[in-house]
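could you work out the structure for the sequence below:
(one chain, ligands or ions: 1)
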Amino acid sequence: MNACIRAITRSAIYNGIKVFGIYRGYEGLIAGDIKELTTEMVSNTIQQGGTKLKTARCKEFRTPEGRAKAYENLQKAGIDALIVIGGNGSLSGARDLAGEYDIPVIGLPGTIDNDLYGTDSTIGYDTALNTIVECVDKLRDTANSHERIFFVEVMGRDAGFLAQNSAIASGAEAAIIPEDRTDVDQLAQFIGRGIRKSKNSSIVLVSEAQKDGMGGAMYYADRVRKEYPQYDVRVTILGHLQRGGRPSAADRILASRLGYAAIEALKEGQRNIMVGIKNDQIVYVPISRAVKTDKPLDKELIDVLTVLSI
Ligand code: F6P
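As a prediction, the model looks like this:
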């Protein structure tokens with residue numbers, strides 16, 4: 001996020017455009033917590049995780065009254081275009097504001113879940129993926145030494161990009177993801193592959209989507225304990241570890257390119273689009289399409305893991 005804020009700030013100033021930071025997202029917009037940004041204010045931020053502008057989840061912005069207050073504050077501050085960095089919730093808010101008021105809005109994809117349609121990657125995803133892989137490498141030592149099955153729960157409420165790709169990258173034995181959960185019992189499938197015949201330990205990446213009111217990893221660990229008591233099972237929930245830390249080089253470059261592109265898009269007169277990246281090229285997608293359409297997970301990734309984890 002910081003790399004992107006830096007890129008927007010500097011690209012705007014380079015082009016003679018004043019730029020304001022809105023603190024705590026929509027909450028700050030409704031409260032009028034808005035300050036002009038300078039190039040110095042974003043110095044030494046590209047390498048820092050989190051966001052200097054802070055962030056918040058804001059229920060009020062989901063109401064027309066909340067958005068009316070927000071628009072009023074934009075007008076008061078003399079702001080005539082808005083750039084929103086965030087995931088589906090933030091960009092849905094951006095779409096609603098753009099639908100109700102005459103202000104150009106540009107969305108930038110920022111979520112570790114990578115679940116926004118219209119872009120190959122989202123800001124934060126690569127860093128989170130690297131964090132997960134580093135953690136799984138460490139867990140592997142205990143898994144191997146004690147000959148255990150580890151269920152490692154990762155973020156991605158409705159999307160398995162983190163679980164599937166971190167499983168491939170860490171050499172895990174399986175991934176349990178929402179996209180593949182419809183008609184197969186993924187646990188039976190995994191155990192059925194005779195996983196313990198050739199290996200003395202297993203690591204299964206599970207996306208956090210709830211199952212029977214439980215987090216994914218707990219649910220599957222419980223089932224193994226009941227249905228396959230011969231296995232020694234442990235659960236690790238990586239949680240918010242995945243949302244912090246120094247951003248990867250790939251994320252810094254992505255965030256910088258998207259921030260720069262947002263200002264270019266405004267200069268071209270674009271409005272109500274999300275700027276994304278496809279095949280390493282900047283693309284524009286209507287915000288409404290980006291938030292409405294499900295981003296498909298390439299099913300070949302499932303085959304890659306299945307084949308390589310024998
Ligand atoms: O949507 C992004 C995300 O990181 C999800 O993967 C996760 O479920 C959620 O945010 C966590 O949100 P919070 O920090 O509010 O608990």
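
what helices or strands is the longest helix belonging to the chain leaning on?
Longest helix in the chain, counting residues (DSSP state H): helix 125-146. If you count contacts as 3 or more CB pairs under 8 Å, 6 or more residues apart in numbering; DSSP states H and E, helix 125-146 packs onto strand 149-154, helix 161-170, strand 202-207, strand 233-237, helix 249-267. From N, CA and C alone the C-beta is placed, and that goes for glycine too.

save these as a markdown table, and put in mean neighbour count, mean pLDDT and distance to the ligand too.
Listed next are the helices and strands packed on helix 125-146 as a markdown table, based on neighbours: other CB atoms under 10 Å; pLDDT from 0 to 100; distance: least, CB to the nearest ligand atom, whole Å:
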| stretch | mean neighbour count | mean pLDDT | distance to the ligand |
| --- | --- | --- | --- |
| strand 149-154 | 26 | 96 | 8 |
| helix 161-170 | 24 | 98 | 8 |
| strand 202-207 | 27 | 93 | 9 |
| strand 233-237 | 17 | 97 | 11 |
| helix 249-267 | 21 | 98 | 14 |
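
redo the ones you listed as CSV? Include distance to residue 129.
Formatted as CSV, these follow (distance: least, CB to CB, whole Å):
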stretch, distance to residue 129
strand 149-154, 9
helix 161-170, 6
strand 202-207, 11
strand 233-237, 16
helix 249-267, 9
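
closest to residue 305 out of these?
Residue 305 sits nearest to helix 161-170 of all those, at 5.3 Å, using CB to CB.

ok, then the element right after that closest one?
Sequence order places strand 174-176 as the next helix or strand after helix 161-170, per DSSP states H and E.

look up how far residue 290 lies from whatever residue of the stretch 151-300 of the chain ends up closest to the ligand.
Closest contact between the stretch 151-300 of the chain and the ligand, by CB to the nearest ligand atom, is at residue 155 (3.3 Å). Distance, residue 155 to residue 290, using CB to CB, to the nearest Å: 20 Å.

ditto for residue 271
Distance from residue 271 to residue 290, by CB to CB: 14 Å.

comparing those two, which residue is more hemmed in?
Each of residue 271 and residue 290 has its neighbours counted (other CB atoms under 10 Å); residue 290 has more, 25 against 17.

and the helix or strand where that one lies, what does it pack onto?
In this assignment (DSSP H and E), residue 290 forms part of helix 287-292. Applying 3+ CB pairs under 8 Å, 6+ apart, one finds that helix 287-292 contacts helix 88-100, strand 105-109, strand 273-278.

what strands line up against the last one, and which way round?
Using DSSP bridges, the neighbouring strands of strand 273-278 in the sheet come out as strand 105-109 (parallel), strand 281-286 (antiparallel).

ok, how many other residues are close to the spatially closest residue to residue 167 that is not a sequence neighbour?
Distances taken as CB to CB, 6 or more residues apart in numbering place residue 175 nearest to residue 167, at 3.8 Å, with adjacent residues excluded. By other CB under 10 Å, 28 other residues sit near residue 175.

just confirm residue 175 contacts residue 169, I think it does.
No - between residue 175 and residue 169 there is no contact under CB atoms under 8 Å: 10.8 Å.
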